[in-house]
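A.B. asks: 3D model of this:
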Amino acid sequence: MTGTPTTETPDAATPASGPTAAIILAGGRASRLDGTAKPLLEVGGRTLLDRAIAAVDGCDPIVVVGPPAPTRVRVVWTRETPEFGGPVAGIAAGLALVDTADIVLLAADLPNAEGAVALLHRHPPLSAGNDGKDGKADADGKGGKGGKDDADSTDGAHGIDGVCLVDASGRMQWLVGRYRTDALRSAAAALPDGGRDASLRSLLARLRISAIPAGDLATDVDTWDDLERARAAAPMPPRDGAPDEETT
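C.D. replies: Numbering: from 1, shown residues only. Coordinates of the predicted model:
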C-alpha cells in the first residue's frame, strides 16, 4: 500500500443507521493453513464463521460466500464464479443478493469479529452529512480528493464510500468494512470477468474510504501461529452444567 492512510476516531454517540446487509467471505484456499477450511476453525469454542455471523447480527440479509457449512443461524449461501475466483469475485456474488443502502463486508477469519464490527457501526452513516474531507483516504491510503474519478465515485455531496479498520501494523483491512452498496456495485461492474482474480485494490481504487485504527480487533488468522495466538487469547465458554468462574 502506497502512502499513509489518514485515520479518524468514530463518534461513540453517532451509531450507524438505515438498512444494512452483510456479505461474509468464507471461501479461499487457505494455502498457509494447508488447505484447511479456515472459517470452520474454532476459537474459544466457536468457529470463525459463527463469530463472523454473530458480529453482523441484525443485518438483513446475511450472505455468506463460500461452501455451505453448518451455522447456528439461518444465512443465505452463494458461491463466487468460478469457485476460488478470489475475494472480488466473492464480493460480486454477494452484491447480486443485496439491495440495501449499506453493506458490512467481513472476512470469516477474524477472532474478534464482534468487536471489530461494533467499532464500524460507531461510524456515522455513510450516506448523510459527510463531504468526504478531513480524515478520509482513498484506496491507496492517500487523503483528499482524487479529481473527477474520485468525485464521481462518491455521488456528489453524499460523502465517503466506505469505512474500514486498520490493524495494529497499520495495514488497512478492506475486508473489515462498511461500504455504500451502490459505490461498491459500480466498482465491481467496472472490472472484467466479474472480478475473477482481481485484487481488492483494483476494486476499491476509485472509492474514498475512511480508516479507523482498531489495533488487535482487526487481526485475522492466516497461519497456524495466528490461530494459536487467537486461541490463547480467547476465553473458553463454561462447560454444560459447570458454574461460571467467579473473579475477585
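A.B. asks: what's next to stretch 217-237, contact-wise?
C.D. replies: With contact meaning CB atoms under 8 Å, 6 or more residues apart in numbering, stretch 217-237 is reached by 32-33, 38, 41, 43-46, 48, 107, 109-112, 115-116, 119, 165-168, 173, 176. All C-beta atoms are positioned from the backbone trio N, CA, C, and that covers glycine.
A.B. asks: among those, which are in strands?
C.D. replies: 43, 46, 107, 165-167, 173, 176 (DSSP state E).
A.B. asks: pick out the most distant pair among those.
C.D. replies: R46 and V166 (25.1 Å; CB to CB).
A.B. asks: the more surrounded of those two?
C.D. replies: Applying other CB atoms under 10 Å to R46 and V166 shows that V166 carries more neighbours, namely 20 against 17.
A.B. asks: now the helices for this protein?
C.D. replies: Assigned helices in the chain, in chain order: 48-55, 87-95, 113-121, 148-153, 181-189, 200-204, 224-233 (criterion: DSSP state H).
A.B. asks: packing partners for the second one?
C.D. replies: Meaning helix 87-95. Applying 3 or more CB pairs under 8 Å, 6 or more residues apart in numbering; DSSP states H and E, we find helix 87-95 packed against strand 20-25, strand 62-65, strand 102-107, helix 181-189, helix 200-204.
A.B. asks: mind putting these into CSV with mean neighbour count, mean pLDDT and distance to R231?
C.D. replies: Listed next are these as CSV, based on neighbours: other CB atoms under 10 Å; pLDDT from 0 to 100; distance: least, CB to CB, whole Å:
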stretch, mean neighbour count, mean pLDDT, distance to R231
strand 20-25, 26, 96, 21
strand 62-65, 25, 97, 23
strand 102-107, 26, 96, 18
helix 181-189, 19, 94, 33
helix 200-204, 18, 93, 27
